[in-house]
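In: Any chance you could fold what I've pasted below:
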Amino acid sequence: MFELKNITDLTKYEPASEKEILAIEDMMNLKLPAEYRTFLKYTNGLSTAGGVLIYGTEEIIERNETWEVNEYAKGYVAIGDDGGGTVFLMELDTAGSTVFAVGCGDMNPQNVSIIAVDFNSWIDSGCASEAEEEELGDPIVTCNIVLTASPNGGLKDLVEIKNVLHIKIAAFDLLKCSKNLPCELVKDYPYDQAIKLIESLGAIGQTLKVVPLSKKE
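Out: Take a look at the predicted model:
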């Protein structure tokens, strides 16, 4: 469940119904990301005083057509924007819930940056980017890294995760872990490093979730 405790001057709306969401998916000919669907059933969009708009069922079709997402960023869906030229995207047909950012005049998947690895946590933070969290003087220091879905490449991808994150775990134990999801891979990992390394994994990184643990004193 979303807490939204850190969002000031929030405009929240009545929940969307499953019927409304299915109608949007039918018109857009896609399946919306699972966590975004859950969000719509909690509040059908929201906006903040900072200019962030997370689309509800009334905006998402028009905004995706305006940004020409299906043409230039196929495989993604625009779920919001910051009111200043940055569009928030999520991948379709994936178990991950990473939120990406791209310029509205670019819309090239090769140029996206990861703004959050977990949609729910990002919403609860007030849709803050890492840079904004640092400006608040309270950035996250460490985290746990959790495997939330089995990668398409099976053991090969699991070994890639192990090598990139430098996790000290046997390949057999890693494979066993992937069959008992969600599975915690590592504790107390440097947060900034985790974000960068998971981003470098590309699509494989969508199977991982970062769980913040502590903040600087």
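
In: Tell me where the protein has helices.
Out: 18-28, 34-42, 60-67, 69-72, 119-124, 130-135, 155-165, 171-178, 191-200 (DSSP state H).

In: Figure out which of those helices is closest to Leu10.
Out: helix 119-124 (10.5 Å; C-beta to C-beta). Every C-beta, even on glycine, is put in place using the N, C-alpha and C of the backbone.

In: Summarise which helices and strands the closest one is packed against.
Out: helix 34-42 (3 or more C-beta pairs under 8 Å, 6 or more residues apart in numbering; DSSP states H and E).

In: next one: the helix it packs on to chain centre, how far?
Out: 12 Å (C-alpha atoms, centre = their mean, to the nearest Å).

In: for stretch 29-36, same thing?
Out: Distance, centroid of stretch 29-36 to centroid of chain: 12 Å (C-alpha atoms, centre = their mean).

In: ok, residues contacting it?
Out: 21, 24-25, 40, 77, 79, 90-95, 97, 119-120 (C-beta atoms under 8 Å, 6 or more residues apart in numbering).

In: if we go to 6 Å?
Out: 25, 79, 90, 92, 97, 119-120 (C-beta atoms under 6 Å, 6 or more residues apart in numbering).

In: Need the per-residue pLDDT for the closest residue in space to Gly105 that isn't next to it in sequence.
Out: Excluding the flanking residues, the one nearest Gly105 by C-beta to C-beta, 6 or more residues apart in numbering is Gly85, at 7.3 Å. Here the pLDDT value assigned to Gly85 is 88.

In: for Leu201, same thing?
Out: Residue-level pLDDT assigned to Leu201 equals 88.

In: got it, and Glu132?
Out: For Glu132, the predicted pLDDT is 47.

In: now swap in Gln110 and tell me
Out: 82.

In: what do you get for Lys216?
Out: 46.

In: go on, Pro33?
Out: 94.

In: Neighbours of it, how many?
Out: If you count neighbours by other C-beta atoms under 10 Å, Pro33 ends up with 23.

In: where in the protein is pLDDT low?
Out: Scanning the chain for pLDDT under 70 picks out 1-8, 129-140, 214-217.

In: Would you check which pair of the contacts of stretch 29-36 lies furthest apart?
Out: Among the contacts of stretch 29-36, Glu25 and Asn120 lie farthest apart (C-beta to C-beta), at 20.1 Å.

In: No further queries at this time; thank you.
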